[in-house]
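>>> Pasting a predicted model and its sequence here:
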Amino acid sequence: MLETRGLTKRYGQHTVVNNLSFACEPGEVLGFLGPNGAGKSTTMKIVTGFVAPSEGSASICGHDIQTETLAAQRRIGYLPEGAPLYAEMTPKQCLNFIADVHGLKGSHRRDRLDMVIEQMHLDPVLNQSTETLSKGFRRRVGLAQAILHDPDVLILDEPTDGLDPNQKHEVRELIRSLSADKLVVISTHILEEVDAVCSRAIIIAAGRLLVDGSPEELVKRGGSLEKLFREVTQGGLQ
Amino acid sequence: MNMIKAILRREFASYFATPVAYVFIVIFLMLMGAFTFYLGGFYERGQADLRPFFNFHPWLYLFLVPAIAMRLWAEERKSGTVELLMTLPISPMQAVVGKFLAAWAFAGIALALTFPVWITVNYLGDPDNGAIIAAYFGSFLMAGGFLAIGSCLSATTRNQVIAFVLSVVVCFGFLLAGFPLVLDLFSGWAPQFVVDGIASLSFLTHFADISRGVIDLRDVIYFALVIGTFLYANMIVLHWKQAD
């Protein structure tokens, strides 16, 4: 479903993603862990077709992101880092634009819009310009646009960043409810999130894949997630 | 086609979502009026035509069109929405054309709102309305040329001021390509055919015929080529910026 082979990204001399290969299947929630600057966001940008890799390839549902970009992108719902939104538009206008782009029509379109607006509790701010929204609402508008077209693959870059504990809880519930038939990749540096929602976790640092396993395996291996994380990302285990 | 329409709609609406559109239109109309009636001597000439009006279009566009174009890509880059846009199933061509058409439609509305000048000249005399329509068409085409240049340069930066200044400079070069100010830069060292080639790129010369009411197919093709070339360059810039 989502596969990367030898993904590498260099900026001049600096290698941000280094020979990264992994595959995941629908039903999995993959937690992408790593310290700041580990290459998490860059990997997500490559997988969604925003940035071209220096080497290697990535494919979504069998479509190569570089050669069949649009076919692959149609399958993806993506929340970019920081949840960028068109400042002068209202959430309603944003979501309608996304619905236009995905070609949603008629009653299906209305159903999907109503559903994500309800799931993300966007009703009170629907007609307010997004630049005036709080961080939590902005993030939720970002999530709403990512799931609007009911994509097979969801790629969420720090989906709970800036949310309060209640909102975090709701987003995690949402991710769990989606994961039955979808593939979800979330990046985070909040370790408790891995326990809460992920069925599998990958730890990367300096662009390299260091650990890959279920949260239980990781805990067994390091004593606790936090201990393992600190050990491997500071160069202890490998 | 649907994608282009979706982008066009979003982009066009965003001009009117902020005061930008209204400020622009008011300033555009005020300057047009001031140039036509004071500097152009509309009344003093005693002729029922819009020459003094159209003669100032290239100069007004030089500053005002880059102001419409500068936000097209620079703003997306700055706010990060370019990542949202380019990871949607939209091809770069659709994004570039949709945005360009939105800006062009906006420029068209500003231009259409100058209609009181046309009413005035018809009230005062008996002008050649065919020539006036042709000149409007030429002016709209020229605005498209300026916009394509502005859109392309807007994609090179995340700073709208830089995009604006670059566009004004490049548009100025195109405007005056047939004049010594630009040609002297090349005539010293470049072969004659290069100098002639540059001279033939002048917006002013191509607009001069149309503004007199003569639609020459060559002038139309010229502006179409300018628009096509710069939009293509726009796609290349986007692609090249995305790789980093």
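Ah, there it is.
>>> Tell me which helix or strand in chain B has the weakest average pLDDT.
One helix or strand of chain B scores below all others by mean pLDDT, DSSP states H and E: helix B:180-187, with a mean of 80.
>>> what's the helix or strand just after that one packed up against?
Using DSSP states H and E, the next helix or strand after helix B:180-187 towards the C-terminus is helix B:192-199. With contacts taken as 3 or more C-beta pairs under 8 Å, 6 or more residues apart in numbering or on different chains; DSSP states H and E, helix B:192-199 sits against helix B:180-187. Where you see a C-beta, it was placed from the backbone N, CA and C, and this is true even at glycine.
>>> still on that earlier bit, let me know the angle separating the least confident helix or strand of chain B from helix B:192-199.
Interaxial angle of helix B:180-187 relative to helix B:192-199 (axes from the mean of the first three to the mean of the last three C-alpha atoms, to 10 degrees): 150 degrees.
>>> give me phi/psi at residue A:162?
Dihedral pair for residue A:162: phi 80, psi 0, per degrees, to the nearest 10.
>>> Show me the helices in the chain, by range?
Went with chain A since none was named. A:40-47, A:69-74, A:91-101, A:106-119, A:135-147, A:165-178, A:191-197, A:215-222, A:225-233 (DSSP state H).
>>> my question was about chain B
Using DSSP H, helices in chain B cover B:2-17, B:20-34, B:51-55, B:57-69, B:71-79, B:81-87, B:92-112, B:115-124, B:129-154, B:160-175, B:180-187, B:192-199, B:203-211, B:217-243.
>>> and the ones you listed as TSV, adding mean neighbour count?
Shown next, in TSV, are these (neighbours: other C-beta atoms under 10 Å in any protein chain shown):
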stretch	mean neighbour count
helix B:2-17	19
helix B:20-34	15
helix B:51-55	21
helix B:57-69	22
helix B:71-79	22
helix B:81-87	22
helix B:92-112	20
helix B:115-124	14
helix B:129-154	23
helix B:160-175	19
helix B:180-187	14
helix B:192-199	13
helix B:203-211	21
helix B:217-243	16
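>>> Check the helices of chain A for me and report the most buried one.
Highest mean neighbour count of the helices of chain A: helix A:40-47, a mean of 25 (counted as mean count of other C-beta atoms under 10 Å in any protein chain shown).
>>> Tell me which residue is most central in the chain.
Assuming you mean chain A. Centroid-nearest residue in chain A, with C-alpha atoms, centre = their mean: residue A:156, separated by 1.7 Å.
>>> The intended chain is chain B.
Geometric middle of chain B (C-alpha atoms, centre = their mean) lands on residue B:143, at 2.6 Å.
>>> If we ignore the residues flanking it in sequence, what's nearest that one?
residue B:107 (4.5 Å; C-beta to C-beta, 6 or more residues apart in numbering or on different chains).
>>> okay, and for the chain, where does confidence drop off?
Going with chain A. Applying pLDDT under 70 to chain A flags residues A:235-238.
>>> Please refer instead to chain B.
B:243-244.
>>> Any residues of it in contact with chain A? List them.
Residues of chain B lying close to chain A (C-beta under 8 Å from any C-beta of the partner chain) are B:2-3, B:5-6, B:9-10, B:13-14, B:17-18, B:79-81, B:83-84, B:86-91, B:242-244.
>>> repeat that with 10 Å
B:2-3, B:5-7, B:9-11, B:13-18, B:20, B:75-76, B:78-92, B:94, B:239-240, B:242-244 (C-beta under 10 Å from any C-beta of the partner chain).
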